[in-house]
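Enquirer: what follows is a predicted protein model with its sequence.
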Amino acid sequence: MAGVKDVARLAGVSVATVSRVLNDSASVTDATRARVLAAVDELGYRPNAVARSLRTDTTRTIGLVIGDILNPFFTELARAIEDQARASGYSVVIGNADERPERQDHYVRTLLEQRVDGLLLCPTAEITPLVRDVVSGGAPLVFLDRTLPGLDVPTVRADGAAAIGELVLHLARLGHRRIAFVSGPALLSTGRERTEAFKAALEAAGLPVRPEYLEAGDFQAASGRAAAARLLDLPEPPEVIFAGDNLMALGALDEIRARRLRIPADVGIASYDDVPWFTHVDPPVTAIGQPVQELGRRAVRALLERIDGRPVEPAVLDARLVVRRSCGEPGDEGNGSEGSGRP
């Protein structure tokens, strides 16, 4: 089996440089990083973090790797996980993958080397060799929010299909027919699931699926703003823009405000993911809320069961529609009252 010295020899660098590359150090040039990673792939080298994580002692710590710490959904989820872990006698060490597979792997490797008792992982779209090794090696692992095909790992997530159906029906009852959707990346399970649920909801409501009203973003604010600009520039722009997460909704709001358009008179907006500041926007934003606190509690409980060697079943919780005033709902503009979208 290849070792770190073999990687260094093939790449023509020092062992210390290989270590810096594997730990995602910023002090390595792109050319050197590429050479080292190519050697790692050619030799099939795998750091021994997985093997070292399989132990009999315990540290009473769990690792948490989330998609994007700037996303309020993940921030709130991390807090819920930390609260439940602390109540269970555990500490949490957090890593921010920033939606990048190489950064995800850096934190997974680092956390295992620090001998955490188990891992909670919100995976990026790519199944990396390291994640596959962690799964096959038997380290206690639970996925959060997203699934990866072909990996037998329990996942704790929310299902928003029913809530998306309620939202589209709610918009149709308000008289809207031109409804656009800004999705997340198709490579992520959440991006695919929300897109398919939106299309199914349109068909169930008797509305056409118009390709020009389907925009792909990346769960970041800039992509939401760019998508909103393209939609608003259409010869027949949508009456409502539904953003696939809160950051893309923020970007869409920025574009709408920059054009001095009125919400909802000129265009309505709705968001998947509900955040506290949505109630402070004028008018307050209609959104689909995920049960973040319960997701955090369930995730920690599932991981502790894995640590104890007990089988764990996937947990799927329902998201819910929160009706406010951003899509032309009746009521005083600016009123922050909320209600279920169910008739």
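Expert: Arrived safely, thanks for sending. Note that the structure is predicted; figures quoted are calculated from it, not measured.

Enquirer: was I right to think Glu203 contacts Ala197?
Expert: No - look at Glu203 against Ala197 with C-beta atoms under 8 Å: they stay out of range, at 11.0 Å. (C-beta placed from N, C-alpha, C; glycine too.)

Enquirer: the more surrounded of the two?
Expert: Using other C-beta atoms under 10 Å as the criterion, Glu203 and Ala197 rank with Ala197 on top: 21 against 12.

Enquirer: in which helix or strand would I find the more buried one?
Expert: Using DSSP states H and E, Ala197 sits in helix 189-204.

Enquirer: mind listing what's buried along the helix or strand following that helix?
Expert: Heading C-terminal from helix 189-204, the first helix or strand you meet, by DSSP H and E, is strand 214-216. Buried positions in strand 214-216, judged by neighbour count with 16 or more other C-beta atoms under 10 Å: 214-215.

Enquirer: one more: stretch 323-332?
Expert: Result for stretch 323-332 [16+ other C-beta under 10 Å]: buried residues 323-329.

Enquirer: how about stretch 149-167?
Expert: 151, 153-158, 160-167.

Enquirer: narrow those residues to those in strands?
Expert: Secondary structure from DSSP state E places 155-158 of the buried residues of stretch 149-167 in strands.

Enquirer: specify which member of those is nearest to Val93.
Expert: Val156 (18.7 Å; C-beta to C-beta).

Enquirer: contacting residues for that closest one?
Expert: Residues near Val156 by C-beta atoms under 8 Å, 6 or more residues apart in numbering: 142-145, 295, 298-299, 302, 314-315, 317.

Enquirer: mind giving me the PyMOL command for buried ones among those?
Expert: Under the burial definition 16+ other C-beta under 10 Å, those of the contacts of Val156 that qualify are selected in PyMOL by:
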select buried, resi 142+143+144+145+295+298+299+302+315
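
Enquirer: the stretch 1-150 of the chain: strands as residue ranges?
Expert: Along the stretch 1-150 of the chain, the stretches classed as strands by DSSP state E, counting those that start in this stretch are 61-66, 91-96, 118-121, 141-144.

Enquirer: most tightly packed of these?
Expert: Counting by mean count of other C-beta atoms under 10 Å, strand 118-121 has the highest mean neighbour count of the strands of the stretch 1-150 of the chain, with a mean of 26.

Enquirer: wait, isn't Ile69 in contact with Leu77?
Expert: No - using C-beta under 8 Å, Ile69 is not in contact with Leu77; the gap is 10.5 Å.

Enquirer: who has more neighbours out of the two?
Expert: Leu77 (25 against 14).

Enquirer: let me see the contact set for Ala205.
Expert: Contacts for Ala205 (C-beta under 8 Å, 6+ apart) come out as 168-169, 172.

Enquirer: one more: Gly12?
Expert: Applying C-beta under 8 Å, 6+ apart, the residues near Gly12 are Arg35.

Enquirer: sorry, back to before: with pLDDT and distance to Ala85 added, can I get the contacts of Val156 in JSON lines?
Expert: Formatted as JSON lines, the contacts of Val156 follow (pLDDT from 0 to 100; distance: C-beta to C-beta, whole Å):
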{"residue": "Val142", "pLDDT": "97", "distance to Ala85": "12"}
{"residue": "Phe143", "pLDDT": "97", "distance to Ala85": "17"}
{"residue": "Leu144", "pLDDT": "96", "distance to Ala85": "13"}
{"residue": "Asp145", "pLDDT": "94", "distance to Ala85": "17"}
{"residue": "Leu295", "pLDDT": "97", "distance to Ala85": "14"}
{"residue": "Arg298", "pLDDT": "97", "distance to Ala85": "12"}
{"residue": "Ala299", "pLDDT": "97", "distance to Ala85": "9"}
{"residue": "Ala302", "pLDDT": "97", "distance to Ala85": "12"}
{"residue": "Pro314", "pLDDT": "93", "distance to Ala85": "20"}
{"residue": "Ala315", "pLDDT": "96", "distance to Ala85": "16"}
{"residue": "Leu317", "pLDDT": "97", "distance to Ala85": "19"}
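
Enquirer: same list, the contacts of Val156, but as a markdown table with distance to Val4 please.
Expert: Below are those laid out as a markdown table (distance: C-beta to C-beta, whole Å):
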| residue | distance to Val4 |
| --- | --- |
| Val142 | 30 |
| Phe143 | 29 |
| Leu144 | 31 |
| Asp145 | 33 |
| Leu295 | 38 |
| Arg298 | 38 |
| Ala299 | 34 |
| Ala302 | 34 |
| Pro314 | 37 |
| Ala315 | 39 |
| Leu317 | 43 |
